[in-house]
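Colleague: fold the following, please.
(one chain, ligands or ions: 1)
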Amino acid sequence: MNSNAGGLYKKSFNKNKIRKRKRDNDVKEKMRDREKNGSWRESDRNSPRISRSDCDSTPTRSTTPRSSGGGLTSRKAIDIHFIKRKLKLLEYQQKMLKNLSKGKFRWINEKLYSSSSSSALELFQNNPLLFDEYHQGFRSAVNSWPVNPADILIDYLKGKPKEWIVADLGCGEGKIAQEAPNKVLSFDLVANNHMIIACDIAKLPIPNCLFDIVIFCLSLMGTNYVDFLKEAYRTLKPKGELKIAEVVSRFSDIDAFIKVLAEIGFKFVEK
Ligand code: SAH
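Modeller: Numbers count the residues shown, from 1 in each chain. Have a look, this model is predicted:
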């Protein structure tokens, strides 16, 4: 029964195919006749039409030359309509993706601020893609600010001796090392390029008293950020400088923060 039904279907399908082929051959023959007899007007030749290479391989009525091109206009209109719809969908998808990556950035940021540095290290080690996702979001956030604090620090370093050794702790993608004239060593949880040393800045793989300047640019994250400051103190030369750039909201009480620095051994110079 089933195979019968299949056979019947096939037969009627073949019949349709034969009918269609005949119709197409008729059209082709008519076109040839018209060319031969010169009945094809010049306006027909120049009028816009869909050539075979423009349409799909199945010849349709629209392959017949028309002087008005009415069918063609509606086909074009449909195409344009679909292209517009596709573009709208693309815009929507891009917006969704942007919102998603913004959300992801906020989530990672929150994680870095609310967990210890060892957990943050583990997070990035277990999900290597997170670091790039974080920095994509970070870049677009920084681009919306009137100034990038890293640029202010780079300008400051330009006024310092070239041979000075600088530590950029929590360097991100290593912008300071790329643009400052001094010898900059960059550290972050993930080494985004070969110039960066991957480590937790609470435990620097560096001997005592090496650096002339230690920088934290928006990187005092982690619940144990005081450990970062202690590492800065340990690795700075006597009379070395500590430079911190942070968003104002990072510290609820800036004077209390300065007090913590004094307890570690730093002498406050300027705000
Ligand atoms: N200083 C860079 C990046 C700031 S984003 C700039 O201004 O462009 C903060 C960076 O601090 C991130 O790349 C993050 O991975 C890093 N960071 C946070 N905690 C860290 C830790 N314990 N050890 C190393 N890097 C850390």
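Colleague: buried ones in stretch 127-141?
Modeller: 130-131, 133-135, 137-138 (16 or more other C-beta atoms under 10 Å). All C-beta atoms are positioned from the backbone trio N, CA, C, and that covers glycine.
Colleague: repeat that for stretch 210-224.
Modeller: For stretch 210-224, by 16+ other C-beta under 10 Å, it's 210-222, 224.
Colleague: from those, which land in strands?
Modeller: Within the buried residues of stretch 210-224, residues falling in strands by DSSP state E are 211-217.
Colleague: now do the strands in this protein.
Modeller: In the chain, strands defined by DSSP E lie at 165-169, 183-188, 196-198, 211-217, 236-245, listed in chain order.
Colleague: how about those in a markdown table, adding distance to residue 117 and mean pLDDT?
Modeller: Output for the strands of the chain, formatted as a markdown table (distance: least, C-beta to C-beta, whole Å; pLDDT from 0 to 100):
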| stretch | distance to residue 117 | mean pLDDT |
| --- | --- | --- |
| strand 165-169 | 11 | 98 |
| strand 183-188 | 11 | 98 |
| strand 196-198 | 13 | 98 |
| strand 211-217 | 13 | 98 |
| strand 236-245 | 17 | 97 |
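Colleague: how about a markdown table for the ones you listed, with distance to the ligand added?
Modeller: Compiled in a markdown table, the strands of the chain are given as follows (distance: least, C-beta to the nearest ligand atom, whole Å):
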| stretch | distance to the ligand |
| --- | --- |
| strand 165-169 | 7 |
| strand 183-188 | 4 |
| strand 196-198 | 8 |
| strand 211-217 | 4 |
| strand 236-245 | 7 |
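Colleague: flag the shaky bits of the stretch 51-200 of the chain, pLDDT-wise.
Modeller: Along the stretch 51-200 of the chain, the model assigns pLDDT under 70 to residues 51-73.
Colleague: near the ligand, which residues of it? Just list them.
Modeller: Residues of the stretch 51-200 of the chain lying close to the ligand (C-beta under 6 Å from any ligand atom) are 112, 117, 120, 138, 150, 170-172, 175, 187-189, 200.
Colleague: same list, those residues, but as CSV with distance to residue 245 please.
Modeller: Converted to CSV, these look like this (distance: C-beta to C-beta, whole Å):
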residue, distance to residue 245
112, 16
117, 19
120, 19
138, 14
150, 8
170, 11
171, 12
172, 12
175, 12
187, 16
188, 16
189, 19
200, 20
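Colleague: returning to what we had before: helices - which of the buried residues of stretch 127-141 land there?
Modeller: Within the buried residues of stretch 127-141, residues falling in helices by DSSP state H are 130-131, 133-135, 137-138.
Colleague: tabulate the strands of the chain (a markdown table), appending distance to residue 108.
Modeller: Shown next, in a markdown table, are the strands of the chain (distance: least, C-beta to C-beta, whole Å):
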| stretch | distance to residue 108 |
| --- | --- |
| strand 165-169 | 19 |
| strand 183-188 | 14 |
| strand 196-198 | 17 |
| strand 211-217 | 18 |
| strand 236-245 | 20 |
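Colleague: of the ones you listed, which is nearest residue 107?
Modeller: Closest approach to residue 107 among these is made by strand 183-188 (18.9 Å; C-beta to C-beta).
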